[in-house]
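**Student:** here is a sequence with its predicted model. Questions after.
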Amino acid sequence: MQTADTELFPAHLATVAARTSRALEEAGYDALVLHSGGLRMVDFDDYPYPFKAHAAFKLWAPLTDTPDCFIHFRPGERPVLLFNSPRDYWHKPAPLPAGSWTANFDLRPVATLEAARAQLPRQGRVAFIGDAEGFADWGFAAVNPRDLMLRLDYGRARKTPYEIGCLREANRLGARAHEAARQAFHAGESEYGIALAFMTAVSAREQELPYNPIVALNAGGAVLHYQVLERTPPPERLSLLIDAGVASAGYPSDITRTHACADADFAALVARMDDAQQALCAGVRAGVDWRDLHLTAHRLVAELLHDAGIITVDAEAAVDTGLSSVFLPHGLGHLLGLQVHDVGGTLASPEGGEIPRPEGHPYLRLTRVLEEGFVVTMEPGLYFIDSLLAAAKQNDRHARHIDWARIAQFAPYGGIRIEDNLAVTATGCENLTRDAFAALG
């Protein structure tokens, strides 16, 4: 899905060039070469894995499906884009890009890697970011230098208006696909059929999606990264948890919805989780420490568990003793950008270092204080996970505060996760996902 808000692209590229110039100077390099990535062949065979362009390359150009392209940037000069255009009769070469964004580059088609190498700089300290294998002897001063990449990754957290526009469009497409999936669920489709409905709604192949969709019926919703797409519908439809997104110009949406089929008790849990998730969204603004929001999420989920009769202690005790983590074992959310789990979420500074996670919460992917321009996911969850519940049953500190009859009632439904994508502003946030669903009418 390669659409791009080209009106905003020149300002975006100017911002990226300025950030990169500063990072190059601080790290001691004169120029940068970015590689889109290469095809990786299946072992002992003659066909490749699906191609995914490197995020560092996509930051500069909305090219997601063409391997072995290069961007050469030297501060103060117009960037050069070497576009891979081979003379090939086995495969159809990608057409030379013609969007208005290309006017910002010195665009040069190259037919081979050797031709690209001949046009890349050989003077000064040039850093290379891309596939490490195969480029060590090209004469670069450094390949994937950590000091430079840390500086670039740290700055990527703050999105330009162009990037937020791409993410807004990705959410628009994602909402359309999620609505098609919801209808397929209520029509009785299998997990596979629901996934097909999702992709058909936006004319996408699975390899074009930012990640393989999680489509979990019933108890499958308790598997956080459920990877199965059953072809046969279950004998009884209870629930659907679908975590799936769509990309626009290389920028993904990451949206999760949970649907109840008929059970009023489970539907009430979903509604309460939606309320909690919206309360957490209302707390997002520049200057907020994400770790505080994560702990607030645990308190809200624990209140929900208590009010539903699933646990018998109050929210504070459930969080303090770790009981809430039995039902919410993952982090509240993460940075979203060129990657679904975008880089830099725990970086202390452009030079590196890590901002620690709260004790007892090892899977939190974001620990930074929010800034205007950050885009984050907000995804609290509540799950009935066999292995975690079995461990809790052996822990008297937890076992005696859990109503096991209520667990047996809800376990067949798997779990609940509701996830929106939020663009942080100075005073609050723009909920890209809710706005996209509202626009569906």
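**Tutor:** Sure thing, it's come through.

**Student:** for the one helix or strand D275 maps to, name the packing helices and strands.
**Tutor:** Using DSSP states H and E, D275 sits in helix 264-282. Packing partners of helix 264-282 (3 or more CB pairs under 8 Å, 6 or more residues apart in numbering; DSSP states H and E): strand 255-260, helix 290-307, strand 375-378, strand 381-383, helix 404-410, strand 415-417, strand 420-424. The C-beta positions use only the backbone N, C-alpha and C, and glycine is treated the same way.

**Student:** nearest to M199 among these would be which one?
**Tutor:** Of all the helices and strands packed on helix 264-282, it is strand 255-260 that lies closest to M199, at 14.2 Å by CB to CB.

**Student:** name the residues that touch the closest one?
**Tutor:** 171, 174-175, 178, 182, 185-186, 214, 221, 238-245, 266-267, 270, 273, 379, 413, 415-421, 433 (CB atoms under 8 Å, 6 or more residues apart in numbering).

**Student:** now stretch 34-45: buried residues?
**Tutor:** Counting neighbours by 16 or more other CB atoms under 10 Å, one finds that the buried residues in stretch 34-45 are L34, H35, S36, G37, G38.

**Student:** most widely separated two among those?
**Tutor:** Maximum distance among the buried residues of stretch 34-45 (CB to CB): 13.1 Å, for L34 and G38.

**Student:** related to what we said a few turns ago, including secondary structure, pLDDT and distance to P252, could the buried residues of stretch 34-45 go into CSV?
**Tutor:** As requested, the buried residues of stretch 34-45 are exported to CSV (DSSP: H, G, I helix; E, B strand; the rest coil; pLDDT from 0 to 100; distance: CB to CB, whole Å):
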residue, secondary structure, pLDDT, distance to P252
L34, strand, 98, 20
H35, strand, 98, 21
S36, coil, 98, 17
G37, coil, 97, 17
G38, coil, 95, 22
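
**Student:** columns distance to D68 on top of these, output as CSV?
**Tutor:** Formatted as CSV, the buried residues of stretch 34-45 follow (distance: CB to CB, whole Å):
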residue, distance to D68
L34, 12
H35, 7
S36, 7
G37, 8
G38, 6
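
**Student:** looking at the residues you listed, which is nearest E371?
**Tutor:** Closest approach between the buried residues of stretch 34-45 and E371, by CB to CB: L34, at 24.8 Å.

**Student:** which residues are contacting the host helix or strand of S325?
**Tutor:** In this assignment (DSSP H and E), S325 forms part of helix 324-327. The contact list for helix 324-327 (CB under 8 Å, 6+ apart) reads 298-299, 301-302, 305, 310, 315, 318, 360-361, 382-385, 388-389, 391-392, 398, 402.

**Student:** which PyMOL command selects the buried ones in those residues?
**Tutor:** Buried residues within these, by 16+ other CB under 10 Å, are selected in PyMOL with:
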select buried, resi 298+299+301+302+305+310+315+318+361+382+383+384+385+388+389+392+398+402
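
**Student:** next one: phi and psi at the closest residue to G220 other than its chain neighbours?
**Tutor:** Nearest non-adjacent residue to G220, counting by CB to CB, 6 or more residues apart in numbering: Y226, 4.9 Å away. Per-residue torsions, Y226: phi -50, psi 130 (degrees, to the nearest 10).

**Student:** wait, what's in contact with Y226?
**Tutor:** The contact partners of Y226, taken as CB under 8 Å, 6+ apart, are I214, V215, A216, G220, L241.

**Student:** what about 10 Å?
**Tutor:** Contacts of Y226 were listed using CB atoms under 10 Å, 6 or more residues apart in numbering, and they are 191, 212-217, 219-220, 241-243, 414-415.

**Student:** which element is the residue lying closest to A27 once chain neighbours are set aside on?
**Tutor:** Of all residues not flanking A27 in the chain, L148 sits nearest, at 4.2 Å (CB to CB, 6+ apart). Element membership for L148 (DSSP H and E) is helix 146-156.

**Student:** what are the buried residues along that helix?
**Tutor:** Of the residues in helix 146-156, those with enough neighbours to count as buried (16+ other CB under 10 Å) are D147, L148, M149, L150, R151, L152, D153, Y154, G155, R156.
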